[in-house]
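# Sequence plus the predicted model coming up.
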Amino acid sequence: MRVLLDTHALIWATMSSRLVSGAAARILQDERNEMLVSAASAWEIATKVRLGKLPEAERLERAFFEVIEIAGYTLLPISVADGLRAGRLTGEHRDPFDRMIAAQAIAEDLLDLSSDTKLDLFGVRRLW
């Protein structure tokens, strides 16, 4: 199965696994799954670390590529089509990072590993 990690799922999976739900942990541990990380997550983490809103992720931000490689995750770039799709999503969810992750999950038919129930507004296949 192809799975897109929401930003908080990435942070928790790589830094604080006790915060990951049992169902999410099973998905993460199943080596048959392809775990994807959006460029939007790198952007969100770097932005929030810079603003002091996510100090616990400083190590992840500094060693982002290394952490992703060690975890065996695949990076998912953002395309212009992804940007258009994210901007066109209807609904009140205003977070641009979440909108991008939802747009990519929809476009690629990915399971979104996220605790954020607001993503359901977009029709994303979500598990937590």
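Looks like it arrived, so ask away. Residues are numbered from 1 along each chain as shown.

# Where do the helices of this structure begin and end?
In chain order, the chain shows helices spanning 7-15, 22-29, 39-50, 58-62, 64-71, 80-88, 96-108, with DSSP state H as the criterion.

# per-residue confidence for Asp6?
Asp6 is assigned 98 on the pLDDT scale.

# er, Arg18 actually
pLDDT, read off for Arg18, is 88.

# Please report the number of neighbouring residues for it.
6 (other CB atoms under 10 Å). From N, CA and C alone the C-beta is placed, and that goes for glycine too.

# From Trp128, how far out is it?
Applying CB to CB, to the nearest Å, the value for Arg18 to Trp128 is 15 Å.

# what's the burial count for the residue nearest to Gly87 when sequence neighbours are not counted?
Leaving aside its chain neighbours, Gly87 sits nearest to Arg99 (7.5 Å; criterion: CB to CB, 6 or more residues apart in numbering). Residues near Arg99, counting by other CB under 10 Å, number 22.

# Touching, Arg99 and Leu89? I think so.
Yes. Counting by CB atoms under 8 Å, Arg99 touches Leu89, with 5.6 Å between them.

# list residues touching both of the two?
Phe122 (CB atoms under 8 Å, 6 or more residues apart in numbering).

# Ser38: what's it in contact with?
Per CB under 8 Å, 6+ apart, neighbours of Ser38: Leu4, Leu5, Leu76, Ile78, Met100, Ile101, Gln104.

# Repeat the analysis, applying 7 Å as the threshold.
Ser38 sits next to Leu4, Leu76, Ile78, Met100, Ile101, Gln104 when contact means CB atoms under 7 Å, 6 or more residues apart in numbering.
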